[in-house]
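Q: Sequence and predicted structure, then a few things I'm wondering about:
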Amino acid sequence: MEIVIFILEVGDKLWEPVSNQIGYLVHYKKNVENLNAEVETLEALRKDNRESVRAAEVNGEEIKADVRTWLERADAAIDEVERVNDDFKLNKRCLWGCFPDWISRYRLSKRAVKDKVTIGELQDQGKFERVSLQVRKPLEIESMISTGDFEAFESTQQAMNEVMRALRDDKVNIIGVYGMAGVGKTTMVEQVSVQARRDGLFDHVVKAVVSQNINLKMIQGQIADMLAVKLDDESEAGRAGHLKERIMRGRILIFLDDLWGRIELTKIGVPSGRDLEACKSKIILTTRLETVCHAMESQAKVPLHTLSDQDSWTLFKKKAGNVVDWPDFHDVAWKVVKKCGGLPSALVVVARALGDKDLEEWKEAARQLEMSNPTKDDMIARFLGI
């Protein structure tokens, strides 16, 4: 009796794998149909994830690596199902026009069962709570300015060196750069900011233009854009809270450009005092008035002076061209340079405007500048034809 039971058990174990193999032939068509039903669900899930990825990328967010890997695997699995369907259509024909190709059907059915398992796993793995990282990639200061055409003359280099020393000084949290309009404060600080980040002093540099008519919401928006922070709050206080929370996470150089008076940093969302020290961040501001540096409690005040006559001539010649060295033009060109008062922005604008003009136009420009004694803004407007 025991021998009979043993033989039956062995027979069952031998029959089970055989029956499975036969099942691939018997359920050939059904296995392919089941595979196609599953792949429809996967295609819908892939479409949803692709749309989520596209929306996140438009918003500047960084896509998770596992999401991109899943999409690649889903693409490969769906392509494999298409190949199974193509082979299925071919196998509807008979071998040599008369008999079914049983070997091909067996192999195809087995593929369909295996692919169905893979697709089921992808469906389970593709239900992402979010497709992107929590924080978008911040904008770097280098992407917003041009560094290739910058040339630091003596007065500019001296100011840059002072600012860099202050940025490296742990006792200095707020640096004020002051000088008359058009002297190049903004450009100089931008260049220093780029260098400070490259030297590893800060993780990020953010810039906001304050101007005479203060708009807190606009200032907050400029900083938020550069830090990749979404400010959904309607109130200024709510927006300020979210900005401060982000700034407190790392070493950030905050560049506040064109201040005309004191501004409350807390209203913007910029840390101050001990909070600024705690997150190892610093503030650098530009203004026309030294008194603003004092009002903002700057521990370091850096003046930016106008260019020397020689540096003014060098910059003017670089923008106007060698025409300034021609005998007939040389003296009148010097008169124009003198009237620009060592202001880089005025020198550049005037040089570009006169560079291709004839001698009479140069003389007329010099005569008008001599008579009117214009401000820097007047010169720029006149030579741009405004």
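A: Right, received. Where do you want to start? Everything numeric here is computed off the predicted structure, so don't read it as measured data.

Q: going forward, measure contacts and count neighbours with C-alpha atoms only.
A: OK.

Q: Just the buried positions in the longest helix that the chain contains, please.
A: Ranked by residue count, the top helix of the chain under DSSP state H comes out as helix 28-58. By 16 or more other CA atoms under 10 Å, the buried positions in helix 28-58 come out as 28-29, 31-32, 35-36, 38-39, 42, 45-46, 49-50, 52-53, 56.

Q: So which bits of stretch 208-227 are buried?
A: For stretch 208-227, the neighbour count (16+ other CA under 10 Å) marks 208-210, 216, 219-227 as buried.

Q: what's near enough to touch the spatially most central residue of the chain?
A: Ranked by distance to the mean C-alpha position of the chain (CA atoms, centre = their mean), the top residue is L139 at 3.4 Å. Listed by CA atoms under 8 Å, 6 or more residues apart in numbering, the contact set of L139 reads 225-228.

Q: what about 10 Å?
A: Under the criterion of CA atoms under 10 Å, 6 or more residues apart in numbering, the neighbours of L139 are 60, 204-206, 223-228.

Q: Quick check: chain neighbours aside, which residue is closest to F88?
A: Nearest residue to F88 in three dimensions, chain neighbours excluded: L108, at 7.3 Å (CA to CA, 6 or more residues apart in numbering).

Q: these two touch, right, S308 and V183?
A: No: using CA atoms under 10 Å, S308 is not in contact with V183, being 11.7 Å away.

Q: could you pull out the strands for the stretch 151-300 of the chain?
A: Using DSSP state E, counting those that start in this stretch, the strands assigned to the stretch 151-300 of the chain run over residues 174-178, 204-209, 252-259, 282-287, 300-303.

Q: Give me the buried positions along stretch 315-334.
A: Buried positions in stretch 315-334, judged by neighbour count with 16+ other CA under 10 Å: 315-317, 319-320, 323-324, 329, 332-334.

Q: swap in stretch 70-78?
A: Taking 16+ other CA under 10 Å as the neighbour-count basis, stretch 70-78 is seen to contain the buried residues 70-71, 74, 77-78.

Q: Wait, a strand at the residue nearest to the centre of the chain?
A: No: using DSSP: H, G, I helix; E, B strand; the rest coil, the secondary structure at L139 is coil, not a strand.

Q: What pLDDT is listed against it?
A: Per-residue pLDDT puts L139 at 74.

Q: Can you report phi and psi for it?
A: Backbone torsions of L139, given as degrees, to the nearest 10, read phi -80, psi 140.

Q: where does the chain have low pLDDT?
A: Applying pLDDT under 70 to the predicted model, the residue ranges of the chain that meet it are 1-26, 28, 58-60, 91-102, 134-136, 146-149, 372-386.

Q: hey, where'd the helices end up in the stretch 251-386 of the chain?
A: Taking DSSP state H, counting those that start in this stretch as the criterion, the stretch 251-386 of the chain carries its helices at 265-268, 273-278, 290-295, 309-320, 327-339, 344-354, 359-372, 376-383.

Q: Pick the most deeply packed of the ones you listed.
A: Burial among these, expressed as mean neighbours by mean count of other CA atoms under 10 Å, is greatest for helix 344-354, which shows a mean of 21.

Q: In terms of secondary structure, what does it contact?
A: Secondary-structure packing of helix 344-354 (3 or more CA pairs under 10 Å, 6 or more residues apart in numbering; DSSP states H and E): helix 309-320, helix 327-339, helix 359-372, helix 376-383.

Q: could you dump that helix to PDB, C-alpha only?
A: What follows is helix 344-354, C-alpha atoms only, in PDB (Å, rounded to 0.1, in the frame of the first residue of the first chain):
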ATOM      1  CA  PRO A 344      31.800 103.400 -16.400                       C
ATOM      2  CA  SER A 345      28.200 103.300 -17.500                       C
ATOM      3  CA  ALA A 346      28.300 106.800 -19.100                       C
ATOM      4  CA  LEU A 347      31.700 106.000 -20.800                       C
ATOM      5  CA  VAL A 348      30.300 102.800 -22.300                       C
ATOM      6  CA  VAL A 349      27.100 104.300 -23.600                       C
ATOM      7  CA  VAL A 350      28.700 107.400 -25.000                       C
ATOM      8  CA  ALA A 351      31.600 105.500 -26.600                       C
ATOM      9  CA  ARG A 352      29.200 103.100 -28.300                       C
ATOM     10  CA  ALA A 353      27.000 105.900 -29.600                       C
ATOM     11  CA  LEU A 354      29.900 107.900 -31.100                       C
END
